[in-house]
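Asks: Starting from these lines, generate the structure:
(3 chains)
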Amino acid sequence: MHADADAFFASVEQRDHARYRGVPMVVGEQVVACASYEARALGIHAGMPLGQVRRHWPATLVAPVRGDAYEEASARLFEVFRRFTPLVEPGSMEEAFLDVTGRDRDDPAGMAAAIRDAARQEVGLPVSVGVARTKLMAKLASRRAKPDGFLVVDAALEARVRPRLRLDDLWGVGPVTYEKLHAARLFVVADLYGLSVDDLKNCGLSTAMARRVASIAAGTDDATIRLPGPRGSVGATRSFPATRTRSTVEAVLRASVQRALARLGDDARLPTRLEVVVRYDDGTQVTERGPLPQPTTEPEAVGAAALRLLERSGWEQDGRGVTLVGVSIPLPRLRPAARVAPGSSRQAQSQASGDDRQRQKGWPAGSA
DNA sequence: TCTGGGGTCCTAGGACCC
DNA sequence: TCTGGGGTCCTAGGACCC
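Replies: Numbers count the residues shown, from 1 in each chain, chains lettered A, B, ... in the order given. This next block holds a predicted model:
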């Protein structure tokens, strides 16, 4: 099952403020982060500059982004999801895959309705639900069910629909991969029939992507729920008009360090590494990575390390303007307390990674 | 059909070790 | 001392997702 809140940010604002209900409105600061369905009907969509919205649709209401409200709504939404099954894989703040195998009393439509009702009653948000045999099909089903609906894809429907799926509609196939498939005159899933993984690799796909695409054609794409582990990294970036002024670039980088560290919250893990990203005005991007002098969340120490990495990128010697800088802080997979003496570290580490694999493999979904 | 920002996963090449 | 094979870790960059 794929459960996905409709127009999440906009729906939270409409829930909390009567003046936003039933009218075209958007959430955003500079650009539209989320448009209400009423606004979408006019042609407004995420990513559109707010200036353009105000020019063409002056009656459209604009709500500022209230991150805390969305976090809170997200937490309550996931509480609802977890009441139906502990096997919940978040896709983002507002959507998740749920393995409900054996929990739906052979009534997937009833269960989808129950989840939607619970989200509506308890969180006040519309949630669309897709039910199917695999994650891909469930995701496509919830997309099709929007807004505020649900769709159950049974075997007969899947057999009809799957061959006709457009490759550029597939979750996991982005513009780059689609372009390669398109160049090989492959457009829908049925065009993949008879092609091997090697054939797809010869189209320029990586091994992992070729396998994924081949499995979609074979109908063996996965239904595995991956339970979320601790997050892998925190980061912050900021874009700005192209500049070559050192004080500007360094100030933005320092501020990014502060924001990334703040994002760490109560996570007890101490970062040991740091990454600095620089984007130039021709769109190219470079990343400098390196160890911190010692594990720390001390802003001064992390900031100093960030400046060294920035220096190392050679941006000042580069003729191009800089349009974005930021940091990403990878978080250690092992808790410091789990560290062991050097003599046995290898065994301890391989054991730990084995555990992680076990966790990531999760549970098989079986067949619906 | 690109706006900005926050993430995950994969890959290729090199260093290093046994 | 050389050769081949296997493995891990690190680095830098890409693709994709919301």
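
Asks: Disregarding flanking residues, what is the spatial nearest neighbour of A:F84?
Replies: Excluding the flanking residues, the one nearest A:F84 by C-beta to C-beta, 6 or more residues apart in numbering is A:I115, at 5.9 Å. For every residue, glycine as well, the C-beta is placed using N, CA and C.

Asks: next one: A:P230
Replies: Spatial nearest neighbour of A:P230, excluding adjacent residues (C-beta to C-beta, 6+ apart): A:L331 at 6.9 Å.

Asks: before we move on, back to that, for the residue nearest to A:F84, give me the pLDDT.
Replies: pLDDT for A:I115: 97.

Asks: and what of the one 10 residues further on?
Replies: The per-residue pLDDT reported for A:L125 equals 97.

Asks: Count the neighbours of it for me.
Replies: Counted by other C-beta atoms under 10 Å, the residues lying close to A:L125 total 23.

Asks: Next: A:L98.
Replies: When neighbours are defined as other C-beta under 10 Å, A:L98 has 25 of them.

Asks: doesn't A:P126 make contact with the residue nearest to A:F84?
Replies: No: the criterion here is C-beta atoms under 8 Å, and A:I115 misses it with A:P126 at 11.8 Å.

Asks: Could you pull up phi and psi at the residue lying closest to A:V23 once chain neighbours are set aside?
Replies: Setting aside the residues directly before and after it, A:V23 is nearest to A:E38 in space (C-beta to C-beta, 6+ apart), at 5.7 Å. In terms of degrees, to the nearest 10, the main-chain angles of A:E38 are phi -60, psi -40.

Asks: Could you do A:Q121 as well?
Replies: Here is the backbone geometry of A:Q121 (degrees, to the nearest 10): phi -70, psi -40.

Asks: cool, A:V278 as well?
Replies: Main-chain torsions, A:V278, degrees, to the nearest 10: phi -130, psi 130.

Asks: Go ahead and confirm it touches A:L310.
Replies: Yes: judged on C-beta under 8 Å, A:V278 makes contact with A:L310 at a distance of 7.0 Å.

Asks: So for the two, which residues contact both of them?
Replies: A:E288, A:V325 (C-beta atoms under 8 Å, 6 or more residues apart in numbering).

Asks: circling back: quick one: contacts for the residue nearest to A:P230?
Replies: A:L331 sits next to A:P230, A:R231, A:G232, A:S233, A:V234, A:D267, A:R269, A:P271 when contact means C-beta under 8 Å, 6+ apart.

Asks: Do you know the pLDDT at it?
Replies: In this prediction A:L331 is given a pLDDT of 92.

Asks: That one and A:T272: what is the separation?
Replies: A:L331 sits 9 Å away from A:T272, going by C-beta to C-beta, to the nearest Å.

Asks: swap in A:V88?
Replies: Look at A:V88 and A:T272: by C-beta to C-beta, they are 30 Å apart.

Asks: Could you check which of these two has the larger neighbour count?
Replies: The neighbour count for A:V88 versus A:T272, taken as other C-beta under 10 Å, is higher for A:V88 (19 against 16).

Asks: show me the contacts for that one.
Replies: Taking C-beta under 8 Å, 6+ apart, one finds A:F78, A:F81, A:R82, A:A96, A:F97, A:L98, A:I225, A:L227 in contact with A:V88.

Asks: What's the ChimeraX syntax to select whichever of those are buried?
Replies: Under the burial definition 16 or more other C-beta atoms under 10 Å, those of the contacts of A:V88 that qualify are selected in ChimeraX by:
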select /A:78,81,96,97,98,225
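
Asks: Quick check: phi and psi on the closest residue to A:A109 other than its chain neighbours?
Replies: In this structure, A:A109 finds its nearest non-sequential neighbour in A:V152, 5.2 Å apart by C-beta to C-beta, 6+ apart. Main-chain torsions, A:V152, degrees, to the nearest 10: phi -100, psi 120.

Asks: which ones are touching the residue of chain A found nearest DNA strand C?
Replies: In chain A, the residue that lies nearest DNA strand C is A:G174 (2.1 Å; C-beta to the nearest atom of the strand). Not one residue lies near A:G174 by C-beta under 8 Å, 6+ apart.
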